[in-house]
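J.: make a model of this:
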Amino acid sequence: MTVQDNITGPLTTESGAPVADNQNGETAGVGGPVLIQDQHLIEKLAHFNRERIPERIVHARGAGAYGTFTVTADVSQYTRASFLSEVGKETETFLRFSTVAGSLGSADAVRDPRGFALKFYTEDGNYDLVGNNTPVFFIKDAIKFPDFIHTQKRDPYTGSQEADNVWDFWGLSPEATHQVTWLFGDRGIPSSYRHMNGYGSHTFQWNNAAGEVFWVKYHFKTDQGIKNLTAAEAAETAGLDPDSHQRDLREAIERGDFPTWTVQVQIMPAADAANYRFNPFDLTKVWPHEDYPPIEIGKLELNRNPRNIFAEVEQSAFSPAHFVPGIGPSPDKMLQGRLFAYGDAHRYRVGINADHLPVNRPHAAEARTYGRDGFLYDGRHAGAKNYEPNSFGGPAETGRPLWQPSAVSGLTGDHAAPSHAEDDDFVQAGNLYRLMSDDEKARLIENLAQFIATVSRDDIAQRAIENFRKADADYGKRLEAAVQALRG
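T.: From the prediction side, this is the model:
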């Protein structure tokens, strides 16, 4: 068998059963939550989490710092979260920045999304907000995540990232057009971690004391101003100082120049979601600010460096499933998959007791669980009972869920997201392009063309270009001309 040969026949699970749908996770009705009975989805995510050791599969290259979140506006009408309960309240935090695709030894100044993983050490336990420096992502369903990341990582034959793989997948996944436009624009290479925004990216649920539900999106606006590197500047920086972003963050904090972000949220009443013009739980789309204006709720400041990078940055573990009372998930299918995948990755990579490590422990009180033993277990529970219910005064359930339930209906199945009037994979990418200045458009076209021109097959290049043409005719026309000029 040569390297060009492909395995033929239908796609199957690891046990050999044919796969009916590899594009949509199984949900409880159209728009409902993802079902754990979807063996193909769970198998893909679990297998993906175990493909590399010991560094993170994605977001391996990172830096972090401790800080403080301070509430600046009363949001008690929207959420009962205690750490957001009053103006002036402060909560300790830990923020880990990262690149996505590169390995632990890769350079900081590369074209890649940046992870923005924030841990709030609240009085009700840890709340993890695991986002990026972009408000959108490449795909909208977690079942496609392992496939997407495989295209960004090393090819199994060449051992290098291959343009054919990247553009073949993006061309066949038009939903990626919006995020690719972000990535190859000016903000695709931030000059430092301090000079970029952060986003929760997903839609989350807030619920107040009366049980009312709101959908929210988080925005962290850098107070240092947006600063980016051109492709040429990034290539020079990556070669001269691979640790540029990590060094910049550490040295800024050492000299007392503490970076800050203004924290904003967009808030949508729950009743708006069903009839909104596009699916508000689609990770490839933003909510236009004219529909739901961002409101300021707080300030985030980073003011203390880790003392040991391995113990505090590399062993830090974040999971979007770590909620607190008043905050919960949404039907966002990417978020639903991440609720499982992140915790599972850390159980494999760091160990079943990763949450016992100092950087991951709750600060207000020790976690009260009946989990025992396993790798890294420190014996903290001594001889206390390890089952519930018990008659020996062990911790008991509260009877009050952290978030409000969502109604579901319909038949189980591999459903795509529910249809909304203006659902489209290209409109927002076109809007973003048309917002750019002429110089920004020129750099975007050049960045994309340089990469697309390296693919080996014309059909892959043309399919990629057509997605951008569907976003905006001028976008596609200029990109096609630039690619043709480079390919000769």
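J.: show residues contacting the strand or helix carrying Asp459.
T.: Element membership for Asp459, per DSSP states H and E: helix 458-471. Identification of contacts with helix 458-471 by CB atoms under 8 Å, 6 or more residues apart in numbering yields 164, 167-168, 170-172, 174, 176-178, 181, 425-427, 429-430, 433, 448, 452-453, 455, 475-477, 479-480, 483, 487. To be clear about C-beta, it is placed using only N, CA and C from the backbone, and glycine gets the same treatment.
J.: return the alpha-carbon coordinates of that helix using CSV.
T.: Listed next in CSV are the C-alpha coordinates belonging to helix 458-471 (Å, rounded to 0.1, in the frame of the first residue of the first chain):
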residue,chain,number,x,y,z
ASP,A,458,-6.2,23.0,-8.1
ASP,A,459,-9.6,21.7,-7.0
ILE,A,460,-8.8,22.2,-3.3
ALA,A,461,-7.6,25.7,-3.9
GLN,A,462,-10.6,26.6,-6.0
ARG,A,463,-13.1,25.2,-3.5
ALA,A,464,-11.5,27.2,-0.7
ILE,A,465,-11.7,30.4,-2.8
GLU,A,466,-15.3,29.8,-3.7
ASN,A,467,-16.3,30.0,0.0
PHE,A,468,-14.8,33.4,0.3
ARG,A,469,-16.5,34.5,-3.0
LYS,A,470,-19.8,33.5,-1.4
ALA,A,471,-19.0,35.7,1.5
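J.: spatially central residue for the protein, please.
T.: With distances taken as CA atoms, centre = their mean, Gly131 lies nearest the centre of the chain, 4.2 Å away.
J.: so that one is in which element?
T.: Using DSSP H and E, Gly131 sits within strand 125-132.
J.: give me the contacts around the next helix or strand after that strand.
T.: Sequence-wise, the next helix or strand downstream of strand 125-132 (DSSP H and E) is helix 145-152. The contact list for helix 145-152 (CB under 8 Å, 6+ apart) reads 22, 44-45, 47-48, 57-58, 100-101, 138-139, 161, 165-166, 168-170, 173, 334, 337, 341.
J.: ok, stretch 74-82 next?
T.: With CB under 8 Å, 6+ apart as the criterion, stretch 74-82 contacts 84-87, 122-124, 127, 206-209, 214, 216, 265, 267, 297, 324-327.
J.: so how far is that stretch from its chain's centroid?
T.: Computed by CA atoms, centre = their mean, to the nearest Å, the chain-centroid distance of stretch 74-82 equals 24 Å.
J.: how about that stretch: buried residues?
T.: Val75, Tyr78, Thr79, Arg80, Ala81, Ser82 (16 or more other CB atoms under 10 Å).
J.: now pLDDT and secondary structure too, for those residues, in TSV please.
T.: Formatted as TSV, these follow (pLDDT from 0 to 100; DSSP: H, G, I helix; E, B strand; the rest coil):
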residue	pLDDT	secondary structure
Val75	97	coil
Tyr78	98	coil
Thr79	98	coil
Arg80	96	coil
Ala81	96	coil
Ser82	95	helix
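J.: quick check, nearest of these to Arg443?
T.: Distance ranking of the buried residues of stretch 74-82 against Arg443, using CB to CB, places Val75 first at 38.2 Å.
J.: what separates that closest one from Tyr218, distance-wise?
T.: Noted for Val75: a distance of 12 Å to Tyr218, by CB to CB, to the nearest Å.
J.: who touches both of those two?
T.: The contact sets of Val75 and Tyr218 overlap at Val265 (CB under 8 Å, 6+ apart).
J.: Ser192 is in contact with Leu249, correct?
T.: Yes - using CB atoms under 8 Å, Leu249 is in contact with Ser192, at 7.0 Å.
J.: ok so, going back, including distance to Phe69, could the buried residues of stretch 74-82 go into JSON lines?
T.: Shown next, in JSON lines, are the buried residues of stretch 74-82 (distance: CB to CB, whole Å):
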{"residue": "Val75", "distance to Phe69": "13"}
{"residue": "Tyr78", "distance to Phe69": "17"}
{"residue": "Thr79", "distance to Phe69": "14"}
{"residue": "Arg80", "distance to Phe69": "17"}
{"residue": "Ala81", "distance to Phe69": "12"}
{"residue": "Ser82", "distance to Phe69": "13"}
